[in-house]
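**Student:** The amino acid sequence is not available; the structure is as follows:
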C-alpha cells in the first residue's frame, strides 16, 4: 500500500467478536480495500488500494465496505452528517456517537420512566377495580411509550440485531433485539387480546399483567451501555485481546438456554435470564479488574442463584424476577464502566496495521 493514501475511519458500533473483526478485515482486503480493524476500539480505517488512481476513499468504495460490514450484522458509521467525507476525523466520529447515544438515552428516559410509572400505578389510575377491561387504556399508553422508546432510542440496536438475524450472526444486538421484541409482542397480546379471552391464556392478574417493563428497561440499559462505551472508547483501543473469545458462541448458548427455560417454565423467567447476560458483556471484558472470561463468573453465579433461590432457599422472588435481573444488569453496567475509564492510556489509531 502506498503511504500517501489517505485513511478514512469508520465506526464499527456493536462489533464484539474479535474473530469477526479479523474476518471483516480479510473481506475488505480481498475486495481491494486495505484496512485496519480495532474491535475493542469499535473502529477501523480503510484506504484505496495501491492500484487506485484516487488518493482518498470515494463514496462508491465506502458503500462497498458498508455492504460487506452488513454481512457481520454491522451498519458502519463513516460520516457525521449525511455527506460522506474522506480523510475524516476519528475523534469527531467517536464524539458524535457519544452525543448520539447520550441523546438516545435521554429519549429513553423521557418515554421509559412514564411507562414504568404506568406499569406499577396503572391499576390505581384505572380506578383500582382490578378489572382487566378497565386497564386497557393505561396499557395502551404504556404500549405507545415503550414502542416509541424502541424506535426513537434503540433503533440502531434493533436494526443491527435484525441484520445479525438475517445473516445468522450471534451478536449482543441480536440478544437485545430478541428480549425486546419477544417481550414487547407478548405484552401486546396480553394487553389487547387476553382481556377478551376467557379463561385468560396466561393466568390471572397480577401474574398475567403485560410485561412492558422487560423490553422497556432492557432497551434503556442497552442504550445506556452504548453511551458509557463511547465516553471511554479512547481507553479501550488496542485491547481486543482482552475481550471474551468466541463471544458469538456464548450468545448462541445463552439464547438456547433462554428458550429451554421458557418452554419448561414461563416466558417471564426466560426473558429475565436473558437479561442476566447484559448486552455489554463483550466490551465489558475490556476491563482492568476482570478481563476476559473471568468477567462471566458473577453472571453465571447470579444466574444459578436466580433459578434456584425460590425453591432451595424458599425466597419469594417469583413476582420480581425481571426487576432483579434488570437491577443486576444495571449494576454490571456501572461496574464495568468504571473499569473502562481506568484503563491505561490508549494507543494511537495510526498504529493499527
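**Tutor:** On my side now, so go ahead. Small disclaimer: the values here were computed from a predicted structure and weren't measured.
**Student:** other SSEs contacting the lengthiest helix in the chain?
**Tutor:** Across the chain, the helix with the greatest residue count (assigned by DSSP state H) is helix 90-125. On a contact count with 3 or more C-beta pairs under 8 Å, 6 or more residues apart in numbering; DSSP states H and E, helix 90-125 meets strand 8-11, strand 43-46, helix 136-152, helix 213-231, helix 233-236. (Each C-beta comes from the backbone N, C-alpha and C, glycine too.)
**Student:** got the angle between that helix and helix 213-231?
**Tutor:** 160 degrees (axes from the mean of the first three to the mean of the last three C-alpha atoms, to 10 degrees).
**Student:** what's the average pLDDT for helix 90-125?
**Tutor:** The average of the pLDDT scores along helix 90-125 is 91.
**Student:** buried ones in it?
**Tutor:** 90, 93-94, 96-98, 100-102, 104-105, 107-108, 111-112, 115-116, 118-119, 122-123 (16 or more other C-beta atoms under 10 Å).
**Student:** for stretch 56-66, same thing?
**Tutor:** 56-57, 61-62, 64-65.
**Student:** List the contacts of it.
**Tutor:** For stretch 56-66, the external contacting residues (C-beta atoms under 8 Å, 6 or more residues apart in numbering) are 5-6, 8, 10, 28, 31, 33, 35, 46-48, 75-76, 78, 84, 86-87.
**Student:** Pop out the phi and psi values for residue 327.
**Tutor:** Per-residue torsions, residue 327: phi -60, psi -40 (degrees, to the nearest 10).
**Student:** Please name the residues that touch it.
**Tutor:** Under the criterion of C-beta under 8 Å, 6+ apart, residue 327 has no neighbours.
**Student:** pLDDT value on it, please?
**Tutor:** So residue 327 comes in at 80 (pLDDT).
**Student:** ok, it to residue 276 distance?
**Tutor:** 11 Å (C-beta to C-beta, to the nearest Å).
**Student:** what's the angle between the longest helix of the chain and helix 136-152?
**Tutor:** Angle of helix 90-125 versus helix 136-152, following the same axes, to 10 degrees, is 180 degrees.
**Student:** helix, strand or coil for the nearest residue to residue 48 once chain neighbours are set aside?
**Tutor:** Residue nearest to residue 48 in three dimensions, not counting chain neighbours: residue 54, with 5.0 Å by C-beta to C-beta, 6 or more residues apart in numbering. The three-state label for residue 54, taken from DSSP: H, G, I helix; E, B strand; the rest coil, comes out as coil.
**Student:** what's the burial count for residue 54?
**Tutor:** Per other C-beta atoms under 10 Å, the neighbour tally for residue 54 reads 14.
**Student:** Run through who's touching stretch 161-175.
**Tutor:** With C-beta under 8 Å, 6+ apart, stretch 161-175 has contacts from 14, 16-17, 20, 70-75, 157-158, 160, 176-178, 247-249, 251-252, 254-255, 274, 277, 279-282.
**Student:** so residue 303 makes contact with residue 273?
**Tutor:** Yes: with contact defined as C-beta atoms under 8 Å, residue 303 reaches residue 273; the gap is 6.3 Å.
**Student:** Show me the helices in the protein, by range?
**Tutor:** Using DSSP H, the helices of the chain run over residues 18-30, 59-70, 90-125, 136-152, 155-166, 172-192, 213-231, 233-236, 247-264, 267-275, 281-284, 296-312, 321-341.
**Student:** So which of these is nearest residue 42?
**Tutor:** helix 233-236 (6.0 Å; C-beta to C-beta).
**Student:** Can you pull out the residues in contact with the closest one?
**Tutor:** Contact with helix 233-236 is made by 40-42, 94, 98, 229, 283, 286, 340-346, as judged by C-beta under 8 Å, 6+ apart.
**Student:** Of the residues you listed, just the buried ones, ChimeraX syntax please.
**Tutor:** Buried subset of these, written as a ChimeraX selection, criterion 16+ other C-beta under 10 Å:
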select :40,41,42,94,98,229,283,286,340,343,346
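**Student:** Point out the least confident one among the contacts of helix 233-236.
**Tutor:** Pick the lowest pLDDT in the contacts of helix 233-236 and you get residue 346, at 52.
**Student:** Would you mind checking the contacts of stretch 56-66 for buried ones?
**Tutor:** The neighbour-count criterion (16+ other C-beta under 10 Å) marks 5, 8, 10, 28, 33, 35, 46-48, 76, 78, 86 among the contacts of stretch 56-66 as buried.
**Student:** Identify, from the residues you listed, the entry nearest to residue 262.
**Tutor:** Looking across the buried ones among the contacts of stretch 56-66 and measuring by C-beta to C-beta, the closest to residue 262 is residue 76, at 33.7 Å.
**Student:** about what we covered before: among the buried residues of stretch 56-66, which two are most distant?
**Tutor:** Within those, 56 and 64 form the most distant pair, 14.8 Å apart (C-beta to C-beta).
**Student:** neighbours around residue 34, how many?
**Tutor:** By other C-beta under 10 Å, neighbour count at residue 34 equals 19.
**Student:** Got the confidence number for residue 313?
**Tutor:** 62.
**Student:** repeat for residue 208
**Tutor:** On the pLDDT scale, residue 208 is placed at 59.
**Student:** All good on my end, thank you.
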